[in-house]
Structures are given as C-alpha cells and as structure tokens.
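Participant: coordinates only, sequence not included:
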C-alpha cells in the first residue's frame, strides 16, 4: 500500500523509482540460474539478463507482474512443428517437451493431429522435439505391430534403432498420439520402380493377283510379323501393393504386312483323251522294268492321264512347269509315251527319285 502512495508523488516530482534488490531464479526450458536484480517486474528481470521472450513462449509469472524477493520465473520456449489435421498441413507452436506431449495437447483441445516425419512427396522432416519421454512407442511397420518401451528422453531415431528398424529412402513415417506417454509410429514401406507392358499389334494380309501363278495357286511373298507397343511405367508400391503407375516411355514397332500372290493364270483344259471312259493309250509306253512300274504307280500306265485338279499330266504326272524345265513343250499328256519316259529319265538324273516321292518310296527306289 505505501509503495502505491509513493508512486504518484515520485512521478509528479520527476524523480526515478528505486526498487529494492532481489534474489530470484530463472528457469528457461529446464536450465535454472540464480540472479540478483533491482528490476521491479518479471519482464525487467528477463530483459536485464538478455532473455528474449517470443510471441508464443510461455512465462510464469506474467511478464508484467511485480517482481518479488525469491520469485521463481519459468520460461518455456515455443517451437514450431508441422502437423496434419484433417488432411491439411499446419504449423503450430508448442511448449511441450516432446512430440508425444505436443500431440496430446492438441488431442486434449479436440484436434486430432498427426505428424508426418517422412514422406515421398517431400524431404524427410527433422523433428524439432524428442519423440517421447518415459513412455511407450507402438511401431506399426508395414502392417506388423510391436511395442517399444522408452526410458528417459528418446528421439525417433533412438526408438527406431532400439527396435532395429532401418528406414528406406522413400518410406513414409507418421506419428499419432495415444496419450501423453504413448504414441504410435506407423511406417509405410514405399518402393519406386519401373515395369513394362507389351501390347501386340496384329499384322494385315494383302493379296496381290498375278498371272505368274495358275489360278487357285498362292505364294507368300513377304511373311507377316506382328508389331508391338512397349509401355514403361514408373511405379509406386506401398507395403508391397502398387498404388500408382505413371507412364514415362512408349516405344512402338510397326507390324510387317503379309503379302500373298494369288494366281490368275487359267489352267489348261484336259484333252478329251483324258476322259476316264476312253481306254489308256499304249504304243511306246514301257512295258517292263522300273519305268513301267513307276508309270503304273503314277498314272495307271496311261500316257494321257490328267489329275483331277488339272495340275499333273501323263505317265509320270509331270506338272507343266517341270515338264518345260526338262525341255518339254505343250502338255506332257500330249507327248508320246517315249518322250514322256525320256524326259522323266532326264528329271531323275537331275533331281533324283524324290520327284515321285510316294511311288518311288513304294517301289523301294529310295
């Protein structure tokens, strides 16, 4: 009360206020120092000792409170931490001693928050606070859970080391509260890789008409080959399950079109003498020996024989192309039996008995 009356008198006179000498203690984040000061307020004592109080720091007693002998000043420095609330990232200031305490304070205020300590979308966040002090950490690693008891102050790295857990480059770590002395550390194992997929492209077939082939005959000029589209994806897997695939490359190989020549050349009409109702011609046809046996097997010994398809003619069932290759002209079935035999012998000398595969095998000629 006296001090209260003296104040206006001193102010009115313009004189300075003299404060009594006091011994007080200042505790800044657990570090305590004893000081002597003439300051009249808590703030004055802090200023005298070059202790700056930030906007979010907590000071007790109130900085504007009068300073008394033996006062105990406590300063708790606030630190910024990033938390996730309802999917959005926020920066909050806390004076809690550890992460578990900060999350518990938020939970007590009705805000459910978590801390992402590692994320594939950003560099790993270094926690500005220890993880927990004297409590329990439940680690959920890739879906498997275990409790790790903690004595004293422990960082996230301390707890992971104690649990013999190593984080990969892309792994995600999220911290959620249970209570002030119990947090859950959830680790999602994230792998970044590549995979390829191949899609086949079917080839087309083009037919080209040509009179170089008999009607009904075909010849493949260019073999068709399927093309392909090879797509390469950058993949993200979380705990073994693919969660994202980004197309990063696509290579296309065009198919090769199949080209087929289709014959348009008219087939020669078989002569009337080839009619099955007419008796087979003789005269000059071999009557014994290997050639007679071959002629009998190929055409029944009929020099005018023509196959049902019109492709093969005469005693030895020449094709027109083969007949001409050994010097014949016209149709083989129109030549004399003697000429047919002569040209068959020429063909045999050039190419062997394989020109008559079925009958030569049947007759034991090869």
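Facilitator: It's in. This one's a predicted model, so the numbers in the text were calculated from it and none came from an experiment. Residues are numbered from 1 along each chain as shown.
Participant: neighbours around the spatially closest residue to residue 229 that is not a sequence neighbour, how many?
Facilitator: The shortest distance from residue 229 to any residue that is not its chain neighbour, by CB to CB, 6 or more residues apart in numbering, is 4.5 Å, and that residue is residue 199. (Glycine included, C-beta is placed from N, CA and C.) Residue 199 is flanked by 11 other residues according to other CB atoms under 10 Å.
Participant: which residues of this protein fall in helices?
Facilitator: All helices of the chain, identified by DSSP state H, fall at 2-13, 42-48, 99-108, 156-162, 289-299, 320-325, 337-351, 357-362.
Participant: including mean pLDDT, distance to residue 255 and mean neighbour count, could these go into JSON lines?
Facilitator: Compiled in JSON lines, the helices of the chain are given as follows (pLDDT from 0 to 100; distance: least, CB to CB, whole Å; neighbours: other CB atoms under 10 Å):
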{"stretch": "helix 2-13", "mean pLDDT": "30", "distance to residue 255": "100", "mean neighbour count": "9"}
{"stretch": "helix 42-48", "mean pLDDT": "92", "distance to residue 255": "82", "mean neighbour count": "19"}
{"stretch": "helix 99-108", "mean pLDDT": "85", "distance to residue 255": "60", "mean neighbour count": "21"}
{"stretch": "helix 156-162", "mean pLDDT": "93", "distance to residue 255": "54", "mean neighbour count": "17"}
{"stretch": "helix 289-299", "mean pLDDT": "92", "distance to residue 255": "44", "mean neighbour count": "19"}
{"stretch": "helix 320-325", "mean pLDDT": "92", "distance to residue 255": "33", "mean neighbour count": "16"}
{"stretch": "helix 337-351", "mean pLDDT": "93", "distance to residue 255": "38", "mean neighbour count": "18"}
{"stretch": "helix 357-362", "mean pLDDT": "90", "distance to residue 255": "36", "mean neighbour count": "14"}
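Participant: low-confidence bits of the stretch 101-250 of the chain, can you list those?
Facilitator: 118-127 (pLDDT under 70).
Participant: follow-up on the earlier one: nearest to residue 208, out of the helices of the chain?
Facilitator: With respect to residue 208, and counting by CB to CB, the nearest of the helices of the chain is helix 320-325 at 20.0 Å.
Participant: what packs against the closest one?
Facilitator: Helix 320-325 sits against helix 337-351, with contacts defined as 3 or more CB pairs under 8 Å, 6 or more residues apart in numbering; DSSP states H and E.
Participant: hmm, residue 66 is touching residue 41, no?
Facilitator: Yes. Proximity of residue 66 to residue 41 meets the contact threshold set by CB atoms under 8 Å, at 6.0 Å.
Participant: distance to residue 93 added to the helices of the chain, as JSON lines?
Facilitator: As requested, the helices of the chain are exported to JSON lines (distance: least, CB to CB, whole Å):
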{"stretch": "helix 2-13", "distance to residue 93": "36"}
{"stretch": "helix 42-48", "distance to residue 93": "19"}
{"stretch": "helix 99-108", "distance to residue 93": "10"}
{"stretch": "helix 156-162", "distance to residue 93": "20"}
{"stretch": "helix 289-299", "distance to residue 93": "106"}
{"stretch": "helix 320-325", "distance to residue 93": "98"}
{"stretch": "helix 337-351", "distance to residue 93": "100"}
{"stretch": "helix 357-362", "distance to residue 93": "97"}
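Participant: closest one to residue 24 among the ones you listed?
Facilitator: Set against residue 24 and scored by CB to CB, the helices of the chain come closest in helix 42-48, at 6.0 Å.
Participant: by contact count, what packs against that closest one?
Facilitator: Using 3+ CB pairs under 8 Å, 6+ apart as the contact criterion, the secondary-structure elements in contact with helix 42-48 are strand 22-28, strand 31-37, strand 72-76.
Participant: care to break this structure down by domain?
Facilitator: 2-7+17-76, 79-188, 192-265, 273-362 (automatic domain parsing).
Participant: quick one, what contacts the nearest residue to residue 44 once chain neighbours are set aside?
Facilitator: Here the nearest residue to residue 44 in space, its sequence neighbours aside, is residue 67; by CB to CB, 6+ apart that works out to 6.6 Å. Residues in contact with residue 67 (CB atoms under 8 Å, 6 or more residues apart in numbering) are 19, 22, 24, 37, 39-42, 44-45.
Participant: how about the residues you listed in CSV, adding distance to residue 112?
Facilitator: As requested, the contacts of residue 67 are exported to CSV (distance: CB to CB, whole Å):
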residue, distance to residue 112
19, 48
22, 45
24, 41
37, 44
39, 43
40, 45
41, 40
42, 36
44, 41
45, 40
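Participant: quick one: which of these has the most company?
Facilitator: When the contacts of residue 67 are compared by neighbour count (other CB under 10 Å), residue 42 ends up highest, at 24 neighbours.
Participant: for it, what are its contacts?
Facilitator: Contacts of residue 42 by CB under 8 Å, 6+ apart are 59, 61-67, 71, 73.
Participant: can you check the pLDDT for the closest residue to residue 221 other than its chain neighbours?
Facilitator: Counting by CB to CB, 6+ apart, residue 221 lies nearest to residue 259, which is 4.4 Å off, once chain neighbours are set aside. Per-residue confidence for residue 259 comes out at a pLDDT of 96.
Participant: what number of residues lie near residue 259?
Facilitator: Neighbourhood size, residue 259 [other CB under 10 Å]: 16.
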